[in-house]
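Q: structure for this input, please:
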Amino acid sequence: MSQYPPPDGPHNPPAGAGYVQATNNDGSNKTIAILAHLSPIIAMVLSAGWLSFLGPLLVWLIWKDRGPLVRNAAASAFNFNITVWVVTIIGWICLFTIVLIPLAIVLWAVVWIAQIVLSIIGAMRASNGEVYRYPFQVPILK
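A: Below you'll find the predicted structure:
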């Protein structure tokens, strides 16, 4: 005979005791991994591209222990966006040399397109539960 609700005990805390059961739901891990991949695009819009690494870093700091999918998504997105950030700064340096203005424009265009396309590819792979490794990333976070 089963009782409803279940009796209080070590596995069933009393109702209203303030317990929140953490679940390691595969769906929520996929959602967080998708957020890690798409957060650079959101930050690019909000900060003119300067803080694109901040979103993946926050995801990594907050949810890195949720599982390998989230940890790899956030670390890869962060590492790739640091590379994007460095190339953007190189573009600015080229701009100030005046002679290399065409190179600066090409660098910015390539980096901007790569960031959008590869972030979307990473998000699509994360939605399938797959780990995506960005090309040309500096391995800072693991």
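Q: helices of this structure, residue ranges please.
A: Secondary structure of the chain (DSSP state H): helices at 26-47, 54-63, 68-96, 101-127.
Q: lowest average pLDDT across the ones you listed?
A: If these are sorted by mean pLDDT, helix 26-47 sits at the bottom with a mean of 87.
Q: that one: which residues count as buried?
A: By neighbour count on 16 or more other Cβ atoms under 10 Å, the buried set for helix 26-47 is 29-30, 32-41, 43-44. From N, CA and C alone the C-beta is placed, and that goes for glycine too.
Q: farthest pair within these?
A: Using Cβ to Cβ, these span at most 24.3 Å, a distance reached by 29 and 44.
Q: so who does the residue nearest the centre of the chain touch?
A: Against the mean C-alpha coordinate of the chain, by Cα atoms, centre = their mean, the closest residue is residue 36 at 1.9 Å. Residues in contact with residue 36, defined by Cβ atoms under 8 Å, 6 or more residues apart in numbering, are 55, 56, 59, 60, 70, 73, 74, 77, 126.
Q: so what's residue 56 up against?
A: For residue 56, the contact set (Cβ under 8 Å, 6+ apart) comprises 36, 37, 39, 40, 73, 74, 75, 77, 78, 81.
Q: give me the residues contacting stretch 57-73.
A: Applying Cβ under 8 Å, 6+ apart, the contact partners of stretch 57-73 are 24, 28-30, 32-37, 39, 56, 74-75, 77-78, 122, 126, 129, 131-133, 141.
Q: returning to that earlier point: of all the buried residues of helix 26-47, which comes closest to residue 86?
A: Nearest member of the buried residues of helix 26-47 to residue 86, counting by Cβ to Cβ, is residue 40, at 14.1 Å.
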